[in-house]
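>>> Fold the following for me, if possible:
(one chain, ligands or ions: 1)
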Amino acid sequence: MSILKINNLSKTYPSGVKALDNVSLELENGMFGLLGPNGAGKSSLMRTLATLQEADSGTATLDDIDILKQPAEIRKVLGYLPQEFGVYPRITAEQLLNHLAVLKGISNTSERKELVKYLLDKVNLYEKRNKSVKGFSGGMKQRVGIAQALIGNPKLVIVDEPTAGLDPGERNRFYNLLADVGKDVIVILSTHIVDDVRELCTNMAIMNFGEIVYKGAPQSAIEALDGQVFQKMVSRDALNEYAENYQIISNKMVGGQPLIHVLSETHPQNGFEQVKPNLEDVFFSKINTANVLV
Ligand SMILES: Nc1ncnc2c1ncn2[C@@H]1O[C@H](COP(=O)(O)OP(=O)(O)OP(=O)(O)O)[C@@H](O)[C@H]1O
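Numbering: from 1, shown residues only. Modelled structure (predicted):
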């Protein structure tokens, strides 16, 4: 069992944007979801943990490794699937993984061959091992991405927004693979897709403007909202008026008409009906809701 401890991590870019604002988290083995809207600071945190950029202050440790001070040590036990996984397009899946294993220092040829076979099997691409990665679908490329992140038996695997652009079938296959990986190591899944976290994660944090605005189990956050979420179909023209009078947490088009969810301690009446809260309600109630409105 490994433990990742992040303490008061802060980072302000030269532009003045505070991407990390006193971030503190503690993670154990399993799938951890880091949920936040675009620009929340998720990638900044992932890149800092992956030793690709420095923090201004704070600490991060994985067991006895100081991530900020011992980047070479952490890289040995880290698997990282960046947001843009730039694959070398002209080579086959097998060649690519073999090449990356060489770069990761696995110099024994037969050991490497075994490992590449194991990884291709694990991500269900063994049959496609001789095909060029260039022709792969988005989901297949992401599976190659996970395979390379697993080279070297990592204790910490970081995946940054991995499901963007995958169709539902591919997304499901990818979920199954991640759930399998997450059994034995710490996996941080950074995403703005609420479903990713709901399907996979036992623990999560919600980030907004560089700050952690919630940490805990998805289910506890959902239960905390019980009895406080109400919905109503409204007309588009009335949306602004509702926004002034209620705390709207989401606004979704259903058959061309806005269905709003509002947060309220008492029943708002006026045609609203109470609904069971879901993780999307949690997400929007924790972040600045202004941007989900008209
Ligand atoms: N290298 C950089 N220089 C200056 N500002 C940056 C840099 N990288 C990110 N930012 C800014 O820092 C903030 C956090 O960005 P970050 O990419 O960490 O967020 P994110 O939650 O990963 O968003 P996304 O989902 O869009 O990737 C944003 O306002 C972004 O514009």
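
>>> Helix or strand: which one has the closest residue in space to residue 224 that isn't next to it in sequence?
Using CB to CB, 6 or more residues apart in numbering and skipping the chain neighbours, the partner closest in space to residue 224 is residue 282 (8.0 Å). All C-beta spots, glycine's among them, are computed from the backbone N, C-alpha and C. Taking DSSP states H and E as the criterion, residue 282 maps to helix 279-286.

>>> what secondary structure does the residue positioned nearest the centre of the chain sit in?
Closest to where the C-alpha atoms of the chain average out (CA atoms, centre = their mean) is residue 190, at 1.8 Å. Using DSSP: H, G, I helix; E, B strand; the rest coil, the three-state assignment for residue 190 comes out as strand.

>>> ok, now which ones touch it?
Under the criterion of CB atoms under 8 Å, 6 or more residues apart in numbering, the contact list for residue 190 reads 34, 36, 42-43, 45-46, 158-161.

>>> Give me the mean pLDDT for whichever helix or strand residue 117 is part of.
When elements are defined using DSSP H and E, residue 117 is found to belong to helix 109-122. Helix 109-122 carries an average pLDDT of 93.

>>> what about the helix holding residue 282, distance to the chain center?
Between the centre of helix 279-286 and the centre of its chain there are 16 Å (CA atoms, centre = their mean, to the nearest Å).

>>> got the domain boundaries for this protein?
3-216, 223-292 (automatic domain parsing).

>>> Pick the most buried one from those.
Mean neighbour count, computed with mean count of other CB atoms under 10 Å, is highest for domain 3-216 among the domains of the chain, reaching a mean of 18.

>>> now check it, is it near the ligand?
Yes: in this structure, domain 3-216 sits against the ligand according to CB under 6 Å from any ligand atom; the contacting residues are 13, 15, 17, 19, 36, 38-44, 192.

>>> Which strand residues bridge the residue nearest to the centre of the chain?
residue 34, residue 160 (DSSP bridges).

>>> let's have the chain start at 35 instead
OK, 35 is where the count begins now, so the last one is residue 224.

>>> Over to the spatially closest residue to residue 308 that is not a sequence neighbour. Which of the three states is it?
For residue 308, the nearest residue in space outside its immediate sequence neighbours is residue 264; the separation is 5.4 Å by CB to CB, 6+ apart. In the three-state summary, residue 264 is assigned as strand, counting by three-state DSSP.

>>> quick one: low-confidence parts of the stretch 35-184 of the chain?
Per-residue confidence for the stretch 35-184 of the chain (pLDDT under 70) gives these ranges: 120-123.

>>> Could you report the separation of the nearest residue to residue 249 once chain neighbours are set aside from residue 268?
Leaving aside its chain neighbours, residue 249 sits nearest to residue 239 (4.3 Å; criterion: CB to CB, 6+ apart). Using CB to CB, to the nearest Å, one obtains 32 Å as the distance from residue 239 to residue 268.

>>> and if you look at residue 159?
Residue 159 sits at a distance of 47 Å from residue 268 (criterion: CB to CB).

>>> quick revisit: out of the residues of domain 37-250 next to the ligand, who's nearest residue 37?
residue 76 (20.8 Å; CB to CB).
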